[in-house]
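A.B. asks: only geometry, no sequence info:
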C-alpha cells in the first residue's frame, strides 16, 4: 500500500507539469509569423555554362522556397560574354546544364527550389 501511495505522490508533480505544458499556446501561432524566422538557407551558384567553368561566376545565399525575383547584377550575362563563338546567343539560366529548351529556362520572378544548393548554368545557342 505504501509503495502505491509513494508512486502516486511521485507522479503528481509530473502530471501537473505535463498538463501545464499542454495548455501553453504561443502568442504568435499563425503560419505567416514564420516569415520572421526565415534565414538564407540556400546557396545559389551561377555558372557561365556547364562546360567552360569549374568555379561559379557568382555565388549568393538565398531563402529556400522563395523566387529570386531577378538575376543578381554580377551574374547578368549578355551575348558579349559568349564563351564559345559557335554559340554566341545567351538565352538565360537553367538548372539543367545541357538544356536548350526554353521551357527549362529559370524564371527569376516565379521559380524556386527546395534544396540547400541551386546551380544555374548559362545556356548559349547559335543564332
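C.D. replies: Cool, the structure landed. These figures come from a predicted structure and were not determined experimentally.

A.B. asks: point out where the chain drops to low pLDDT.
C.D. replies: Regions of the chain meeting the criterion pLDDT under 70 cover residues 1-38.

A.B. asks: how about residues contacting the strand ranked longest in it?
C.D. replies: If you go by DSSP state E, the chain has its longest strand at strand 117-125. Contacts with strand 117-125, where a contact means Cβ atoms under 8 Å, 6 or more residues apart in numbering, come from 42-50, 56-57, 62, 75, 77, 81-84, 87-97, 99-100, 105-106. Backbone N, C-alpha and C define where each C-beta goes, glycine included.

A.B. asks: hmm, 6 Å instead?
C.D. replies: Contacts of strand 117-125 from elsewhere in the structure, counted by Cβ atoms under 6 Å, 6 or more residues apart in numbering, are 43-50, 77, 87, 89-95, 97, 100, 106.

A.B. asks: then stretch 44-55?
C.D. replies: 56-60, 62, 75, 83, 97, 118-122, 124.

A.B. asks: determine which two of those are furthest apart.
C.D. replies: With Cβ to Cβ as the measure, no two of those lie farther apart than 62 and 83, at 24.9 Å.

A.B. asks: settle it for me: which of those two has more neighbours?
C.D. replies: Taking neighbours as other Cβ atoms under 10 Å, residue 62 and residue 83 compare with residue 62 leading, 18 against 15.

A.B. asks: contact partners for the more buried one?
C.D. replies: 40, 42, 44.

A.B. asks: residue 53 versus that one, what's the distance?
C.D. replies: Going from residue 62 to residue 53 by Cβ to Cβ, to the nearest Å gives 20 Å.

A.B. asks: so where do the helices sit in this structure?
C.D. replies: Here the chain has its helices, by DSSP state H, at 2-22.

A.B. asks: so which residue is dead centre in it?
C.D. replies: Geometric centre of the chain, nearest residue: residue 64, 2.2 Å, by Cα atoms, centre = their mean.

A.B. asks: check contacts around the residue lying closest to that residue once chain neighbours are set aside.
C.D. replies: Excluding its sequence neighbours, the residue lying closest to residue 64 (Cβ to Cβ, 6 or more residues apart in numbering) is residue 42, at 4.5 Å. Neighbouring residues of residue 42 by Cβ under 6 Å, 6+ apart: 62, 64, 116.
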